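[1] With the sequence up front, the predicted model follows.
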Amino acid sequence: MYGPSGPFAFMPLATLDRTPPPFFKQGPSAFTRLLFFSALAILLMVADARWKMTQPLRAAAATLLQPVQSVLLAPVRAWEMAGHYLAGVEEARALQARSQQQLAQQAERVTRMVQLERENARLRELLGLRPRIEVGTLAAEVLYDAPDPYTRKVVIDQGRRHGVTLGAPVIDERGVLGQVTRVYPVTAEVTLVTDKDAAVPVVNVRTQHRGVAYGLPQSGGMELRFMAGNADVQAGDELQTSGLDGIYPAGVPVAKVVRVDRRADSAFARITLQPLAQPDSSRHVLLLQPLSAGLPPRPESEAADPAAEAVSVSRSQP
């Protein structure tokens, strides 16, 4: 035997490793834990989707975290509100500047219109002409289309009780929409300008040539008939009421020329028009008093003339 310094020397007891071997101290492997937690997650997801097991827990967590979320989102909301406020101020300033510019332009137009009206009144007085007729108006709303599928008519919510008269012109914000052809106690029927029986006396704003525009229900447009093949009509010309029929007041927009077909085999040109009003989408309309209501009474000799009476009746019919 060797001494304490030999190969078989005794080691102190405090230096001995008393921990268990690795086989006993380590838990499940990483792969086992992955499988366990994956299965648990899938089980929880299926249970939550099928039986709403985590719904109370989710609601409680949302309730507890709501004040925290509000506090954390307060700076973001304040920043967004500040941005919206600054953008609103800039937009308001731009709108104010644009409104002031439009107001100045409208004031200039109103001034010129007043001057033109005064000049027109002086000229009429100088020439001995009667004053221009002022027609009454009545607002109405379109209720529904007429049940007849072969016509273009609508029914409005104003009738005889409200002062609607037969033959009254109907307009919208863009132009002539039609004419009242039937009057009931609380409603009235309006024949649109695109109906096959509709006819509106018009005048070309550019050339001052007069004509008659008829409805084309198949295409939803209108047609200017009986115009010579060499007539001065171009695409883009605007047509307004002439005021010569005793029904429509003069100067109301009616349609715009979209196509002119000049054929060698016909003495008349085929002129297609697009109504300026919106017959299919107008909801609120304005009824005008027929122009004949403001005209002076006819002389007795003309009233006794059967031919003049027939012409008057034909004009009053839609």
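    Looks like it came in fine.

[2] the domain parsing of this protein - what is it?
    27-132, 137-294+310-316 (automatic domain parsing).

[3] Now mean pLDDT and mean neighbour count too, for the ones you listed, in JSON lines please.
    In short, each C-beta sits where N, CA and C put it, glycine included. Output for those, formatted as JSON lines (pLDDT from 0 to 100; neighbours: other C-beta atoms under 10 Å):
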{"stretch": "domain 27-132", "mean pLDDT": "84", "mean neighbour count": "10"}
{"stretch": "domain 137-294+310-316", "mean pLDDT": "87", "mean neighbour count": "17"}
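
[4] can you give me the strands in the protein?
    Per DSSP state E, the chain carries strands over the ranges 137-145, 153-156, 169-171, 176-183, 188-192, 199-204, 210-216, 221-225, 238-241, 253-261, 270-275, 284-288.

[5] quick check: angle from the fourth one to strand 210-216?
    So that's strand 176-183. Here strand 176-183 runs at an angle of 70 degrees relative to strand 210-216 (axes from the mean of the first three to the mean of the last three C-alpha atoms, to 10 degrees).

[6] ok and strand 176-183 relative to strand 188-192, angle-wise?
    Going by the same axes, to 10 degrees, strand 176-183 makes 140 degrees with strand 188-192.

[7] Relative to strand 176-183, what are the paired strands and their orientations?
    Paired neighbours of strand 176-183 in the sheet (DSSP bridges): strand 169-171 (antiparallel), strand 188-192 (antiparallel).

[8] How far does that strand sit from its chain's centre?
    23 Å (C-alpha atoms, centre = their mean, to the nearest Å).

[9] Tell me which residues are up against it.
    For strand 176-183, contacts defined as C-beta atoms under 8 Å, 6 or more residues apart in numbering pick out 153-154, 159-160, 164-171, 188-193, 195, 198, 200, 241, 247-248, 252-254, 275-279, 282, 285, 287, 318.

[10] same deal with the last one?
    Under the criterion C-beta under 8 Å, 6+ apart, residues 135-142, 156, 158, 164, 168-172, 177, 180, 190, 248-249 lie in contact with strand 284-288.

[11] How about the fifth one?
    Contacts of strand 188-192 with the rest of the structure, by C-beta under 8 Å, 6+ apart, involve 140, 146, 151-156, 158-160, 164, 170, 177-183, 197-198, 215, 279, 285, 318.
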